[in-house]
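Student: no sequence for this one, just the structure:
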C-alpha cells in the first residue's frame, strides 16, 4: 500500500511534468495510455495465444465470443494513435516550439527507421532476409507525419473536410490495382493497396497503406482548435462528433451496400449476428472500421476531459504509458517476445531451440516448423499481458520523468 509520502511525491511528479510541458493535454495522454494498454493485449496475443498461430480470431466460423472480443477491442488502437498524433502536431504548432513541418518530417523518418530496424528484431529476434519486412503501425504513423508536414499548410477547415472525405471515399480507389503500375506496383501497395511486393529479394508486406491513415492524422490536426477553446464547448463538440461517427457506422452497416468489403450476415445465434455486424475490415481500414473506432476515441476524449489525471492514482498510472508511447511500444514487444520464448522452453525443453528463434506463425512464420498446437490458452495470454504491463510500468515512469526534467531536443523524438 502506498504511503502518504509516496502519493505526495507522485502528485508532485505529475504536477511538475504538467508545468514543464504546457502543450500536454491530460485527456489526450489518458486516451493514449488506455489504447497503449489495450494494444499490448493484442501483441501479447500474437506471441502467446494458440488461436493466433492457427487462424484469425475474427473468423466467425471458428472463433468464440471471448476470442473475438479480445481482438475486436484492440481495433481502437491504431486509429487512436493516428488521431492523437495529429492532435499533438497541432498543439506543437501552437506552442512556440519551432518549425513543426521539419519536426514532423524528422519524427516521421525516425519512426519509419525504427520500424525497419528495431521492430524487426523485436518481431523476429533477427534481421534475416528470409523474414518479410512488415510495414506496421510505426511505418504508417511515420509516413503519415511526413505527408502531414505538407498538408498542415492547407486552411484547417479545408483540411478537416478533405480528411473526412478521404476516410469515407477512399475505397473508390480500389478499382486501381497495384499491377497497373508495373515495376512501380510496390509504391501503390505503400500508398493504398494492402499487399506484398519484392524489393531486393526481400518480401515487403503493407498492412497499413498511407491512405486512409494519413487522413485520420489530418483529422486529428483539424480537431486541434477545439483544445484551445472553452472546455464545455470542446466536450459538447467531441460528444457530437463521436455520435455522428457512430451513427455513420451504424447506417453503413445496416444498409450493407458500402463502407466495408465484407457485408454482415445473419448467423446461427443473435450474439454471432452482432459479431458479424461489428466485424469490419482493418486491412485495409474500411470507412465503417474507421467510423466505428474513431467514435470511441472521440467519446473517450470527451469523457477524459473532465478528469484531473494528477488527482487519481489510476489515471496517473494510465497516463504514464500515454506520456511515453514510443518507449512503451518498443519495450513491450521485446518483453512479450522474450516471455513467449521462455514459455516455449518451459513447454518443450531444449527442443525449443529448433523453432523459438524463427518468426512465429502468427506473424507469417513457418507453421510446419513449430510443434502441433503451439501456443497457450487465452487465460495464459491475459496473465502474460498483466506481467508485461507490470514490468513496463516502472521503466515508463522513469523515462517519463527524464522527459519532464530534461529539455534535450532528442527526447522529443522518443
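Tutor: Cool, got the structure. Note that the coordinates shown come from a computational prediction; the quantities given were computed from them, not determined experimentally.
Student: Strands along this protein, start to end?
Tutor: 133-134, 196-199, 202-205 (DSSP state E).
Student: out of the ones you listed, which comes closest to residue 319?
Tutor: Each of these has some distance to residue 319 by C-beta to C-beta; the shortest is strand 133-134, at 29.5 Å. Quick note: C-beta positions are derived from backbone N, CA and C, even for glycine.
Student: Paired strands for the closest one, with orientation please.
Tutor: strand 202-205 (parallel) (DSSP bridges).
Student: Next, the contact list for the closest residue to residue 114 other than its chain neighbours, please.
Tutor: Closest residue to residue 114 apart from its sequence neighbours, by C-beta to C-beta, 6 or more residues apart in numbering: residue 138 at 5.6 Å. Counting by C-beta atoms under 8 Å, 6 or more residues apart in numbering, residue 138 makes contact with 111-112, 114-115, 119, 326, 329.
Student: Now the strands of the chain in a markdown table, please, with extra columns for mean neighbour count.
Tutor: Output for the strands of the chain, formatted as a markdown table (neighbours: other C-beta atoms under 10 Å):
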| stretch | mean neighbour count |
| --- | --- |
| strand 133-134 | 20 |
| strand 196-199 | 13 |
| strand 202-205 | 16 |
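Student: Nearest to residue 381, out of the ones you listed?
Tutor: strand 133-134 (20.9 Å).
Student: thinking again about what came up before, take the strands of the chain and write them to TSV, including distance to residue 350.
Tutor: Output for those, formatted as TSV (distance: least, C-beta to C-beta, whole Å):
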stretch	distance to residue 350
strand 133-134	30
strand 196-199	35
strand 202-205	31
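Student: Redo those strands as a markdown table? Include distance to residue 255 and mean pLDDT.
Tutor: Formatted as a markdown table, these follow (distance: least, C-beta to C-beta, whole Å; pLDDT from 0 to 100):
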| stretch | distance to residue 255 | mean pLDDT |
| --- | --- | --- |
| strand 133-134 | 34 | 94 |
| strand 196-199 | 32 | 94 |
| strand 202-205 | 32 | 94 |
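Student: mind checking which of the ones you listed is nearest residue 383?
Tutor: Nearest to residue 383 among these is strand 133-134; the distance by C-beta to C-beta comes to 26.5 Å.
Student: So what's the residue count around residue 100?
Tutor: Using other C-beta atoms under 10 Å, residue 100 has 20 neighbouring residues.
Student: er, residue 60 actually
Tutor: Residues near residue 60, counting by other C-beta under 10 Å, number 16.
Student: In contact with it, which residues?
Tutor: 68, 267, 272, 275-276, 279.
Student: change it to 6 Å
Tutor: residue 272 (C-beta atoms under 6 Å, 6 or more residues apart in numbering).
Student: next one: stretch 136-149 to chain centre, how far?
Tutor: Here stretch 136-149 shows a centroid-to-chain-centroid distance of 12 Å under the convention C-alpha atoms, centre = their mean, to the nearest Å.
Student: Could you tell me the average pLDDT over that stretch, please?
Tutor: For stretch 136-149, the mean pLDDT works out to 97.
Student: Same question for stretch 70-87.
Tutor: Averaging pLDDT along stretch 70-87 yields 96.
Student: buried sites along that stretch?
Tutor: Across stretch 70-87, burial judged by 16 or more other C-beta atoms under 10 Å covers 70-72, 74-87.
Student: Quick check: phi and psi at the residue lying closest to residue 263 once chain neighbours are set aside.
Tutor: Residue nearest to residue 263 in three dimensions, not counting chain neighbours: residue 256, with 4.6 Å by C-beta to C-beta, 6+ apart. As for residue 256, its main-chain torsions (degrees, to the nearest 10) stand at phi 60, psi 30.
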